[in-house]
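J.: Coordinates for the following, if possible.
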Amino acid sequence: KPKNPSCTVRENTAVPGDIESVTVSCSTTKVYPEAKCSFERTTNGGASVTINKTPTYNPTALTGTPVYYRSECSVDVPVAELGEGTHSFSAFIYPDVTDGINLVTATTASTTVTLTLPEASYTCTPEMIQGYFNGKSARCTCSLTSDGYPKGQAQWYRGSQTVPGVPGGVLDLTFSGSSPVEIGICKGVSAIGESPGSTLTAQFAFFEQDTVELTSADDNSTFDLCDDNNQIPVTCAVLKGNVIPAPTFSFSQTNVLFDNLQERQVGSYYKNQIDLRPVYGGIHQVICTVTNTIISETQRKEISLTFRKPPPLPPKITITGETYQDVNALNRLTLAAGYTGDMTCRVEGGYPKAHTTQLTCGSLTASGGENVATLKFQAGQLTKDMDGTECRCTSQHATGCYNDKETSLTLDVNYAPVVTFTHDYGLSQFNVGDTPTFTCTAQGNPPPSLTITRKRTDQQLAGVQRNLKTTELTKIMEPLDCLNTDVYVCTGQNIQGVTTIENNVVVKCPQQLALNINQPEAVKVVLAETAKVGVEIYGYPTPHLLTLMRTRYNTNLTGSARHLIEYSPGQAPFGFVNVIISDVVEEDFTNYTIAVDNGVGDPLVYTFYLVEEKQEEQKDDSDDDDTVATAVGATVAAVVVLVIAVIVVVLVKRYRASRKSKAFTSSREANYTDVFPDPADGYEMPVTENEGEASRKPKAFTPSSEVNYIDIFPDPADGYEMPVNECEEEGMQPEASAPPLSPSDISLEQPYESYSSPQQQGNNDTDNNSYSHLSFGIGEEKSVYANKAGHGTGEEKSVYANKAYNDTGEGKSVYANRAGHDIGEEKSVYANKAYNDTGEGKSVYVNTAGHDIGGEKSVYVNTTGHVN
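T.: Below is the predicted model:
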């Protein structure tokens, strides 16, 4: 590449102070092969322009091996090609190879050349007054005011041609009737062009005597004077050849008003016309005065005229107490659609009175024989279609010259929005990833606001409020996914009402689980009873193929008499797949697969397995009926055993529920120690038939009766712990090294005997025992918790009938509901999950943090231990 490239600029002058051309020279000290040059120039910092001149080259080979060159190049540019302005020069010096110019950058010369045009102006004798010469001749001389660079000279021009025979820039002028105005331009001229110069307009002034003409329309002396374009004109005129320059006109008269003063040139005349509007009819004198202001000469002309006068002002429209007159864009009236009332048009003044007055509003018309017309709006006539309608009032006059007078009024009719709702995909069925554009349009008055919302989520996607009666709102959707299936609503609203249009949109996608459920899911069922599984899914279209497979032996159960699989649609795109297995037998306790196919993508696969749930046997000790007391004691003992089993199973179930899918996961799950085997670890825990099933069953099979009961035992999901009696052993925890139990390791009778002590079993052989560790206590008699159905225990016993209330005898403890009840003297009250208010010697459970309440009281501190 060129080494040390540089450029210089030289001005070539023939005489001092003048310039003919510019030479640009560039060189490099080392280049191979020989250098080529491309020259450019810029004027006044503008764009670069290539100099289309062939450069002159002078290469010199350098000594040594390999051979390099010292190269010089130059170009000569005439100033005529450069023109006015400041010019800078640059060059690309590059090796003579293909695309060599692209290998280098431009080298700019530090010297610039500034060229200027010469300036010229003229002087005249005599001097001009107001652009006119005083006399018939004049002499004007054009001379330079600036020499310019290169130097120029002064020259007279007519148009683009020089004036011939004018030596030394002197121009003699003489008035000619055929050419009353002579124009010349004094310019400075040089090799780089011409200056704009100074323009001379030579004119001469005079006014011939008795040349004014004053006439009325059709030379009549009696007129019907009309307003605006049809009024009676009076014209004063002078032939152009009789006056130079154009004269001024003025009018005077007796008792006559006039307007529309119009000075203009028409053909070979200077004219001025006025439109006369007398207030009263009669004979009036009209005088025209014409003046040549340059030579101060004036001439006058007078005529007599008789007029008839129509009404001077446009009609008046009156409605709702407001008056409108003339044609005016501000004449607007706001009415609500359905308005009823009168609109009146009246014409005032004129001689004689106006007649045949007419008032129209769209297709509605009213006429009056004289100067008044009244339009009555009936019910249902003023509708939204009349919004923007123009109401016009016109009338006639005997003169026939009132036809162009009118008054207009535009109606602004307020009405509720009229809404359209479309999108650019044509159909309402989309694919995942589509980005449709919703267009919501509303027409209403006042200008409506617009919103686009989702009906299912009530989410506003877009909104707009503009000051336009027709408003459009567009929403370009983000790439759609399955959950965008919904009803989309376009709502237009103003003070007149709200209008909505719905657009059903569905997104094609494979069926998917609505909740993140751990699979396979364990479903408990009693032998010979019915197993139910419900899974909430979403997708579109709805499934066309449902398959139920028994994993073992890959058996298709879809068409089996005991196996039913069906789809229940919900709110799109959601639905439920329900599986019912009737009359469960031993071989049914195995793994199953549900396949859901809607024709889009891969089918949804969901797995579950059935686990046998064994029924607890209730011991029947009713053989001994010798005494009521003995029967009661035996019954209570049996109930005690059943209660313990039920409560333990309930606790297992609650713990298990907290380990389920997202829909059933307690937010406090992490606060509890996992002491029971879980299906997620490969094991399943048997439970009693009294275990609550709401947390285990799919949503579609949740019994409505279960959700109505109030849970009397605090649950970890609710943020509370279960109080225990003061006999409960402290610090009972499973050993860390103990493996989780499989279903075969735990019996139904004592499912948690590894974690319970005999003291926790409880009994009912004294008057003072109570199951306070189960969160309820009794008074001085006995409390019985039998089951969810309730049992009676005999005289003076407390009965816990269901989760809604306790029915007790006198002196018994009542647990009524979560709000709590006070039951009397020395009774325990469970008021709410925060605390128990008791009588003396009663247990108080305050909160999960624990409180110490006094002697002989039980305190539950946390999930790892008890202090009593």
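
J.: alpha carbons only for contacts and neighbour counts from here, please
T.: Noted.

J.: show me where pLDDT drops low in the protein?
T.: Low-confidence segments of the chain, defined by pLDDT under 70, are located at 167-168, 178, 226-231, 254-263, 277-279, 281-282, 616-868.

J.: For it, which segments count as helices?
T.: 79-82, 628-658, 704-707 (DSSP state H).

J.: Name the nearest residue to A398, sequence neighbours excluded.
T.: Sequence neighbours aside, P352 is the residue nearest to A398 in space, at 6.8 Å (criterion: Cα to Cα, 6 or more residues apart in numbering).

J.: Identify the residues contacting the one you found.
T.: With contact taken as Cα atoms under 8 Å, 6 or more residues apart in numbering, P352 is in contact with 310, 397-398.

J.: Repeat that for L144.
T.: The neighbours of L144, taking Cα under 8 Å, 6+ apart as the test, are 118-121, 153-154, 188.

J.: Give me the subset of those lying in strands.
T.: The strands in this structure, assigned by DSSP state E, contain 119-121, 153-154, 188 from those.

J.: Dump those residues to JSON lines, plus neighbour count and distance to V535.
T.: As requested, the ones in strands among the contacts of L144 are exported to JSON lines (neighbours: other Cα atoms under 10 Å; distance: Cα to Cα, whole Å):
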{"residue": "E119", "neighbour count": "23", "distance to V535": "96"}
{"residue": "A120", "neighbour count": "25", "distance to V535": "99"}
{"residue": "S121", "neighbour count": "20", "distance to V535": "100"}
{"residue": "Q153", "neighbour count": "20", "distance to V535": "102"}
{"residue": "A154", "neighbour count": "26", "distance to V535": "102"}
{"residue": "G188", "neighbour count": "29", "distance to V535": "98"}
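
J.: Widest-spaced pair of those?
T.: The widest separation within those, taken as Cα to Cα, falls between S121 and Q153 and amounts to 11.5 Å.

J.: shared neighbours of the two, anything?
T.: Shared contacts of S121 and Q153, defined by Cα under 8 Å, 6+ apart, are found at 143-144.

J.: How about the contacts made by M386?
T.: Contact criterion Cα under 8 Å, 6+ apart gives 362, 411, 413 as the residues in contact with M386.

J.: who's in contact with stretch 90-97?
T.: With Cα under 8 Å, 6+ apart as the contact definition, stretch 90-97 has outside contacts at 1-2, 5, 7, 26-28, 31-41, 100-101, 103-109.

J.: and the gap between I594 and E566?
T.: The span separating I594 from E566 equals 11 Å under the rule Cα to Cα, to the nearest Å.

J.: Mutual contacts of the two, please.
T.: Common neighbours of I594 and E566, counting by Cα under 8 Å, 6+ apart, are L546.

J.: more crowded one of those two?
T.: The residue with the greater number of neighbours, taking I594 and E566 and applying other Cα atoms under 10 Å, is I594; the counts read 21 against 17.

J.: I'd assumed I580 was in contact with the more buried one.
T.: No: with contact taken as Cα atoms under 8 Å, I594 and I580 are classed as non-touching, separated by 12.0 Å.

J.: just checking, T530 touches V585?
T.: No: if you go by Cα under 8 Å, T530 and V585 don't touch, sitting 9.9 Å apart.

J.: is it possible to export the ones in strands among the contacts of L144 to a markdown table including distance to S21?
T.: Listed next are the ones in strands among the contacts of L144 as a markdown table, based on distance: Cα to Cα, whole Å:
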| residue | distance to S21 |
| --- | --- |
| E119 | 21 |
| A120 | 24 |
| S121 | 28 |
| Q153 | 19 |
| A154 | 22 |
| G188 | 20 |
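
J.: Would you tell me which one of the residues you listed comes nearest to G539?
T.: Nearest to G539 among the ones in strands among the contacts of L144 is E119, at 85.2 Å by Cα to Cα.

J.: In contact with that closest one, which residues?
T.: Contacts of E119 were listed using Cα under 8 Å, 6+ apart, and they are 144-148, 187-188, 195, 197.

J.: N134 versus that one, what's the distance?
T.: From E119 over to N134 the distance is 28 Å, taken as Cα to Cα.

J.: Repeat that for Y339.
T.: Computed as Cα to Cα, the Y339 to N134 distance reads 74 Å.

J.: Compare the contacts of E119 and tell me which is most surrounded.
T.: Comparing the contacts of E119 by number of neighbours (other Cα under 10 Å), G188 comes first, having 29 neighbours.

J.: My read is that that residue contacts C142, right?
T.: No: if you go by Cα under 8 Å, G188 and C142 don't touch, sitting 9.0 Å apart.

J.: which neighbours do these two share?
T.: Counting by Cα under 8 Å, 6+ apart, the common neighbours of G188 and C142 are 120, 154-155.

J.: nearest to P78, of the contacts of M386?
T.: Taking Cα to Cα as the measure, P78 sits nearest to L411 out of these, at 72.7 Å.

J.: all strands of the stretch 501-650 of the chain, in order?
T.: Taking DSSP state E, counting those that start in this stretch as the criterion, the stretch 501-650 of the chain carries its strands at 521-525, 531-540, 545-550, 555-556, 563-569, 574-581, 591-597, 604-612.

J.: between those strands, which one is nearest to S48?
T.: Closest of those to S48 is strand 531-540, at 63.7 Å (criterion: Cα to Cα).

J.: Now do the closest one: which elements does it pack against?
T.: Secondary structure elements in contact with strand 531-540, counted by 3 or more Cα pairs under 8 Å, 6 or more residues apart in numbering; DSSP states H and E, are strand 497-513, strand 521-525, strand 574-581.
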